[in-house]
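Visitor: would you be able to build a 3D model of this:
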Amino acid sequence: MLSTTHPEPGAADEIESRLACRIAGAAPGGDPQAEGEFYRLMAPRVRRYGLRHLRDRHAADDLMQQVMVLTIEHLRHHRVLETARVVSFVFGACRMTVLQMRRGEQRRQDLLHDNADMLGIADIAVAPRLDHVRVTSCLEGLPERERSVLVMSFYAELPAAEVGDSLGLTPGNVRVLRHRGIARLRDCVNGARSVS
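Guide: Numbering: from 1, shown residues only. Okay, here's the model as predicted:
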């Protein structure tokens, strides 16, 4: 269970607490209306937390996705001990996830540093028909987490689980970031738009 040290929720958190109770008490099919409303209220707050602590909008979006999925799953399976303090649970999850993301970023930096010489060799091996400068520029323009996932997936040929372990992500998050990164890279190389 996640523990928090946040204060007792105030009146402003009563709606979130009521929605959390509805989600936790729903039939096996769930309560999509309550979950949607809970997400609508809490997701922007989680994203603001991410922007303040991670200072990167892509990382803040990832944090928002991870924490909201985690919270709703915990509510559905009765793993939030006090639904009345669900807002404290959410921000405790934010704090823990940010710490994991920072550890993953440090591991990523260490991997890139340790393999810098090999990455140069990989650039030489790109097929001649590609615009090397354009591909490199587009890859460098990707958000750091997407770039790391692509490098580890396609250069190091690591499966999603190993990439996730190295970066502090779940395999599902790795697949989402890989899909998003490939789409941005393709658009950039084709000149459709910038990756940023």
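Visitor: in the chain, where is pLDDT below threshold?
Guide: Scanning the chain with the threshold set as pLDDT under 70 gives 1-12, 113, 115-132, 192-196.
Visitor: show me the domain layout of it.
Guide: Recorded structural domains for the chain (assignment: automatic domain parsing) are 11-102, 115-189.
Visitor: what helices or strands is the longest helix that the chain contains leaning on?
Guide: When the chain is parsed with DSSP state H, its longest helix is helix 86-114. Of the remaining helices and strands, those touching helix 86-114 by 3 or more CB pairs under 8 Å, 6 or more residues apart in numbering; DSSP states H and E are helix 14-24, helix 32-54, helix 57-76, helix 144-150, helix 160-167. In short, each C-beta sits where N, CA and C put it, glycine included.
Visitor: tell me which of those sits nearest to residue 83.
Guide: In terms of CB to CB, the element of these nearest to residue 83 is helix 14-24, at 4.2 Å.
Visitor: next, the angle from that closest one to helix 57-76.
Guide: 60 degrees (axes from the mean of the first three to the mean of the last three CA atoms, to 10 degrees).
Visitor: how far is helix 14-24 from where the chain is centred?
Guide: Its chain's C-alpha centre lies 24 Å from the corresponding centre of helix 14-24 when counted by CA atoms, centre = their mean, to the nearest Å.
Visitor: for the spatially most central residue of the chain, what are its contacts?
Guide: Centroid-nearest residue in the chain, with CA atoms, centre = their mean: residue 62, separated by 2.6 Å. Remark: with contacts taken as CB atoms under 8 Å, 6 or more residues apart in numbering, residue 62 is in contact with 50, 101, 145, 173, 177.
Visitor: and residue 79, what element?
Guide: Element membership of residue 79, judged by DSSP states H and E, is empty: it is in no helix or strand.
Visitor: phi and psi next, for it.
Guide: With angles defined as degrees, to the nearest 10, residue 79 sits at phi -110, psi 10.
Visitor: pull the number of nearby residues for it.
Guide: Taking other CB atoms under 10 Å as the neighbour definition, residue 79 ends up with a count of 14.
Visitor: check residue 40 too.
Guide: When neighbours are defined as other CB under 10 Å, residue 40 has 10 of them.
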